[in-house]
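**Student:** Provided below are the primary sequence and the corresponding predicted coordinates.
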Amino acid sequence: MLGEKLLELRKKTNLSQEDVAFKLNVTRQTVSKWETNQSVPDFDKIVPLCELYGVSPNELLGVETKENDTWSKRTDSVEDHANKIKKAKMMGLGIFFYFLAIVLIMILIPVLNMNPIIAVAIFMLMCGVGTYMVIVAQMSYSKKHEVSSKAEKLRKEISEIMALVTVIIYLGISFLTGAWHITWFIWILYAIVDEVVKLIFILRGGEVEE
């Protein structure tokens, strides 16, 4: 009720009924009637009351929750949209570095006859830059208060195991054959399999973080 709200606000501001009456140019009895719900403040007293107690009209009248929630949702929506754009740009740039690394490794060794060790070092450096950008995009621009489901946690664990196995296979085959300019294709297979696993979880109804 409005009366209880006015009484609560007055006590919080350590004002007496006389103080409120003096500041609003009304009688103490009028303030008392407001606080006991015997009458309500006139419209022209709402703003002065809000200024006196340091609250908004919505809060004073008891409708602040709905309004604030609506405003919060709109703000979050705009922020989420901006974060999605930033995340897309950052991840797109990271993927670009992957493709650039592949193009360079295909040119440096067979075409320009560059030392394979130097060429592989450049390839790994480009992949590292791309990976860094993807990780930064994922960590910096993820949704707030997002709670992963059990299905999502399971999918992440599967993806991490697949990544570890892929690294072992990639390094093993590459060192044994020395065909670094070819074995990068293993990572493309990993990406395809990972997307297939993600699709399976989606089709089964599991929540997959984007």
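**Tutor:** Ah, there it is.
**Student:** how is the chain divided into domains?
**Tutor:** The record's domain split for the chain, according to automatic domain parsing, is 2-62, 83-146, 147-210.
**Student:** pull the helix or strand with minimum mean pLDDT from this protein.
**Tutor:** helix 64-108 (a mean of 69; mean pLDDT, DSSP states H and E).
**Student:** immediately after that one, which helix or strand?
**Tutor:** For helix 64-108, the succeeding helix or strand toward the C-terminus, using DSSP states H and E, is helix 116-140.
**Student:** pull the residues that contact that next one.
**Tutor:** Helix 116-140 is contacted from outside by 86-87, 90-91, 93-98, 100-102, 104-105, 108-109, 178, 180-181, 184, using CB atoms under 8 Å, 6 or more residues apart in numbering. C-beta here means a position set from N, CA and C on the backbone, and glycine is covered the same way.
**Student:** quick one: buried ones out of these?
**Tutor:** Among the contacts of helix 116-140, those scoring as buried are 87, 90-91, 94, 97-98, 101-102, 104-105, 108-109, 180-181, 184 (criterion: 16 or more other CB atoms under 10 Å).
**Student:** circling back to that earlier point, least reliable of the domains of the chain going by mean pLDDT?
**Tutor:** Ranked by mean pLDDT, those end with domain 147-210 at the bottom, a mean of 74.
**Student:** how far does that domain sit from its chain's centre?
**Tutor:** Here the centre of domain 147-210 is set off from its chain's centre by 24 Å, with CA atoms, centre = their mean, to the nearest Å.
**Student:** for stretch 10-26, same thing?
**Tutor:** Here stretch 10-26 is found 44 Å from its chain centre; the criterion is CA atoms, centre = their mean.
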